[in-house]
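Asker: For reference, the sequence and a predicted model appear below.
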Amino acid sequence: MTAPSLIALKRAPSPTNDGTAVKRPRTVAAVAGLASAAAAALFSSLGPAAGTSLVWFKADLRIKDNPALSAATAAAAATSRPVIALFLVNVGEWLGHDMAPIRADFLLRNLACLKKSLAALNIRLIVRNIEENGLDSSETVAEVARAVDARTVYWNREFEVDERKRDKKTETILKAAGVEVAHFQDQCVMDPGSVLTKEGKPYKVFTKFKYTWITLVVRNRVHAQFPPAPVANSVELPAAATAYADAHSDCPTKLDTGLQLDEAKAKAAREMFPAGEDEAHARLTHFLTDKARKYDSARDLPASDGTSSLSPYLSSGIITSRQCISAALKANNNKMEGGTEGLSKWISEVIWRDFYRHILVEFPRVSKNRAFKSETENIPWLYDDEAFAAWSEGRTGYPFVDAGMRQLNSLGWMHNRLRMVTAMFLAKNLFLDWKMGERYFMRHLIDGDLANNNGGWQWCAGTGVDCAPYFRIFNPLSQSTKCDPKGDYIRRWVPELAKLKGKAIHDPYGELPKAEFLKLGYPAPIVDHKFARDRFLTAFKLAVKKL
Ligand SMILES: Cc1cc2nc3c(=O)[nH]c(=O)nc-3n(C[C@H](O)[C@H](O)[C@H](O)COP(=O)(O)OP(=O)(O)OC[C@H]3O[C@@H](n4cnc5c(N)ncnc54)[C@H](O)[C@@H]3O)c2cc1C
């Protein structure tokens, strides 16, 4: 288990915002000097009671392998203090970070499950809506801490720039008011900053990162170091805390402003991604027993159900990557590498998740609309609204690309191969700014996750850490024949083409007589691949002097 830290991450100083082309609205105010005065006022009514321990849940809506919850319940049991939990609904912040309505719905559904699991531990969950009280997240945590007479506030850290600023501000306010803070790392198997080169620098190449990561995890048995199971709360809450929890116990099931989800989509998402920790673990077990062995070959075939579909659960913290690695290792005879090819490949993908989080912490510019490779920032990307609309609506005339985008628009989830193909198509075929696509994905994905999404987009655009070389440009037609040989995936998502057979399913415009093609009601390709490829290579070489 990671030791609690009463100070902010040393290797992760809070970066400052700088003006950038496509801006994410910022909703978390600067800490400013108001902290101590405001906090002193907030806490002036603290009485001599024994107080409570408060656990602030964020992207960690689970009971198992939750270091903050375990530490809070253990410390509370030792000191005979009751434990109480908090979750903040912050629509402004969520919208500011481009959260998709389908992801917000997933969060709320999981929040309801968490409430039940906490109730089984005799822990009340307070839900505060930030919009209601005119305070920001940090001030609201402080207000709740005061109301429930919290002596220590526990949470698991988040790595995004705004979230780190918010947590730092919260810590400052609480400490100024005499409330202790204990925060933990739960998002990665290895703490960011702990997987370094011999020179003590962060890795910029995945395979090297991976080998050091494996060495450290295996040597220190990090994958097996779970926090103890949380202890049930056995101490009665003070009357004021009970009254406060009674007044703020409703888990919203729907959000109105900006994050509404239409009923059909909500229903489909609920069927495809049911909420809850048990569901996440059942998926993991099912994947490891039934599918993982063939993962290396099936993972690139979107028509087959060859991947774990765990990403929404990992992104919202319903399950942890440590739990995934630990279970995969058991299934693979304790081998990170070798053993069953499918299992070691899957372990490697989960390590990519750690890698991108480490990059986010070490190079925070990537979360501020900046390219990882600064020399690529001169690329004169286009901002063609029509081309972007055709891409986002699945009307590019390339069936495989369109199938991917329509899967995303319908389910809020897209197969990894299609994420790569559609992203590369946007950046390298349409020559549009990859940040437009990154934002579109975030606004539609149920598993939207800044580190993975940004890492994936920059990988495809050729601007990122250890990314695809600039000259690697997927041909959407050969990707289609290779990864969807029978065309079943295309038929599912592009119904206009459902009756086509043979090569025509991949390239109806090129394969069918014109009259037959026109009857389909399907668009001709919006860009010629060869032309697009030459345009990208020429523009990239011109813009990037240091190739
Ligand atoms: C352009 C682009 C955008 C992406 N956006 C996101 C995103 O917003 N959220 C997200 O979780 N993943 C994202 N990914 C990574 C990957 O596509 C998804 O994690 C994966 O498709 C989820 O399906 P799964 O859970 O069945 O994955 P599996 O293949 O079963 O993999 C298991 C887990 O490993 C992690 N993982 C797998 N592949 C990657 C990868 N390439 N990079 C980082 N972690 C990985 C994920 O947490 C995944 O759930 C993106 C990839 C690209 C190319």
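Answerer: Ah, there it is.
Asker: residues in the stretch 151-300 of the chain within reach of the ligand, list them.
Answerer: Residues of the stretch 151-300 of the chain found near the ligand (C-beta under 6 Å from any ligand atom) are Arg299. To be clear about C-beta, it is placed using only N, CA and C from the backbone, and glycine gets the same treatment.
Asker: in the stretch 151-300 of the chain, what residue is nearest the ligand?
Answerer: At 5.6 Å from the ligand, Arg299 is the closest residue in the stretch 151-300 of the chain, using C-beta to the nearest ligand atom.
Asker: Relative to Thr212, how far out is that residue?
Answerer: Note on Arg299: its distance to Thr212, by C-beta to C-beta, to the nearest Å, is 25 Å.
Asker: Looking only at neighbour counts, state which of those two leads.
Answerer: Under the criterion of other C-beta atoms under 10 Å, the comparison of Arg299 against Thr212 puts Arg299 first, with 21 against 16.
Asker: Could I get the contacting residues of that one?
Answerer: Residues near Arg299 by C-beta atoms under 8 Å, 6 or more residues apart in numbering: Gly306, Thr307, Lys345, Asn416, Arg417.
Asker: Can you read off the backbone torsions of the residue of the stretch 151-300 of the chain closest to the ligand?
Answerer: Dihedral pair for Arg299: phi -70, psi -20, per degrees, to the nearest 10.
Asker: Spatially central residue for this structure, please.
Answerer: Asp449 (2.2 Å; C-alpha atoms, centre = their mean).
Asker: For that one, give me the pLDDT.
Answerer: Listed pLDDT for Asp449 reads 98.
Asker: from what I can see it touches Pro312, true?
Answerer: No - shown here, Asp449 and Pro312 do not form a contact pair, counting by C-beta atoms under 8 Å, at 9.3 Å.
Asker: picking that back up, would you quantify the distance from the residue of the stretch 151-300 of the chain closest to the ligand to Trp413?
Answerer: Per C-beta to C-beta, Arg299 is found 15 Å from Trp413.
Asker: which secondary structure elements does the longest helix seen in the chain contact?
Answerer: Looking across the chain with DSSP state H, the single longest helix is helix 341-362. Judged by 3 or more C-beta pairs under 8 Å, 6 or more residues apart in numbering; DSSP states H and E, the packing partners of helix 341-362 are helix 206-220, helix 295-298, helix 321-331, helix 450-461.
Asker: Can you pull the phi and psi angles for the residue nearest to Ala77 when sequence neighbours are not counted?
Answerer: Nearest non-adjacent residue to Ala77, counting by C-beta to C-beta, 6 or more residues apart in numbering: Val231, 4.6 Å away. Phi and psi for Val231, reported as degrees, to the nearest 10, are phi -90, psi 140.
Asker: okay, Val231: pLDDT?
Answerer: 94.
Asker: How about the contacts made by whichever residue of the chain sits closest to the ligand?
Answerer: With C-beta to the nearest ligand atom as the measure, Gly456 is the residue of the chain nearest to the ligand, at 2.4 Å. The contact partners of Gly456, taken as C-beta under 8 Å, 6+ apart, are Arg419, Met420, Ala423.
Asker: ok, 10 Å please
Answerer: Gly456 makes contact with 352, 356, 416, 419-420, 423, 434, 437-438, 441, 449, 464, 467, according to C-beta atoms under 10 Å, 6 or more residues apart in numbering.
Asker: One more: Glu132?
Answerer: Glu132 makes contacts with Val89, Thr140, His248, as judged by C-beta under 10 Å, 6+ apart.
Asker: now, which of the residues you listed lie within strands?
Answerer: Among these, the members falling in strands are Val89 (criterion: DSSP state E).
Asker: Would you format the contacts of Glu132 as TSV with neighbour count, pLDDT and distance to Val179 included?
Answerer: Conversion of the contacts of Glu132 to TSV gives the following (neighbours: other C-beta atoms under 10 Å; pLDDT from 0 to 100; distance: C-beta to C-beta, whole Å):
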residue	neighbour count	pLDDT	distance to Val179
Val89	20	96	22
Thr140	21	97	14
His248	17	97	19
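Asker: which SSE is Val153 in?
Answerer: Using DSSP states H and E, the element containing Val153 is strand 150-156.
Asker: Now do the residue nearest to Asn454 when sequence neighbours are not counted against Pro101, distance only.
Answerer: Excluding the flanking residues, the one nearest Asn454 by C-beta to C-beta, 6+ apart is Val366, at 5.5 Å. Using C-beta to C-beta, Val366 is found at 25 Å from Pro101.
Asker: for the ligand, what are the nearby residues on the stretch 301-450 of the chain?
Answerer: 307-311, 314-315, 349-350, 352-353, 356, 416, 419-420, 423, 441, 445, 447-449.
Asker: Can you say which of the residues you listed are buried?
Answerer: Neighbour counting over these (16 or more other C-beta atoms under 10 Å) leaves 307-311, 314-315, 350, 352-353, 356, 419-420, 423, 441, 445, 447-449 as the buried ones.
Asker: Give me the subset of those residues lying in helices.
Answerer: Among these, the members found in helices (DSSP H) are Ser311, Leu314, Ser315, Val350, Trp352, Arg353, Tyr356, Arg419, Met420, Ala423, Phe441.
Asker: Quick one: neighbours of Ala292, just the number.
Answerer: 28.
Asker: got the contact list for it?
Answerer: Going by C-beta under 10 Å, 6+ apart, Ala292 touches 284, 286, 298-299, 306-308, 327-328, 331-332, 340-347.
Asker: three-state assignment of it?
Answerer: Put simply, Ala292 is helix when judged by DSSP: H, G, I helix; E, B strand; the rest coil.
Asker: circling back to that earlier point, just the pLDDT at the residue of the chain closest to the ligand, thanks.
Answerer: Gly456 is given a pLDDT of 98.
Asker: how much space between Val235 and Glu180?
Answerer: 18 Å.
Asker: Which of the helices or strands spans the closest residue to Asp488 other than its chain neighbours?
Answerer: Setting aside the residues directly before and after it, Asp488 is nearest to Ala303 in space (C-beta to C-beta, 6+ apart), at 4.1 Å. Under the criterion DSSP H and E, no helix or strand holds Ala303.
Asker: ok, Ala303 - contacts?
Answerer: Shown in contact with Ala303 (C-beta under 10 Å, 6+ apart): Ala403, His415, Cys483, Asp484, Pro485, Lys486, Gly487, Asp488, Tyr489, Ile490, Arg491, Arg492.
Asker: can you check Leu69 too?
Answerer: 55, 57, 60, 62-63, 83, 85, 114, 117-118, 121, 123, 154-156, 184, 186, 227, 229-231 are the contacts of Leu69 under C-beta under 10 Å, 6+ apart.
Asker: Please apply the same query to Val421.
Answerer: Applying C-beta under 10 Å, 6+ apart, one finds that Val421 lies in contact with 302, 398, 400-401, 403-405, 414-415, 460, 474-476, 479-480, 483.
Asker: Out of the residues you listed, which two sit at the greatest distance?
Answerer: Using C-beta to C-beta, the two most remote members of the contacts of Val421 are Met414 and Asn475, lying 19.4 Å apart.
Asker: okay, these two: which has more neighbours?
Answerer: Met414 (26 against 18).
Asker: Relative to Gly394, how far out is that one?
Answerer: Computed as C-beta to C-beta, the Met414 to Gly394 distance reads 11 Å.
Asker: got it, and Thr376?
Answerer: Distance of Thr376 to Gly394, computed by C-beta to C-beta: 28 Å.
Asker: Appreciated, that's everything.
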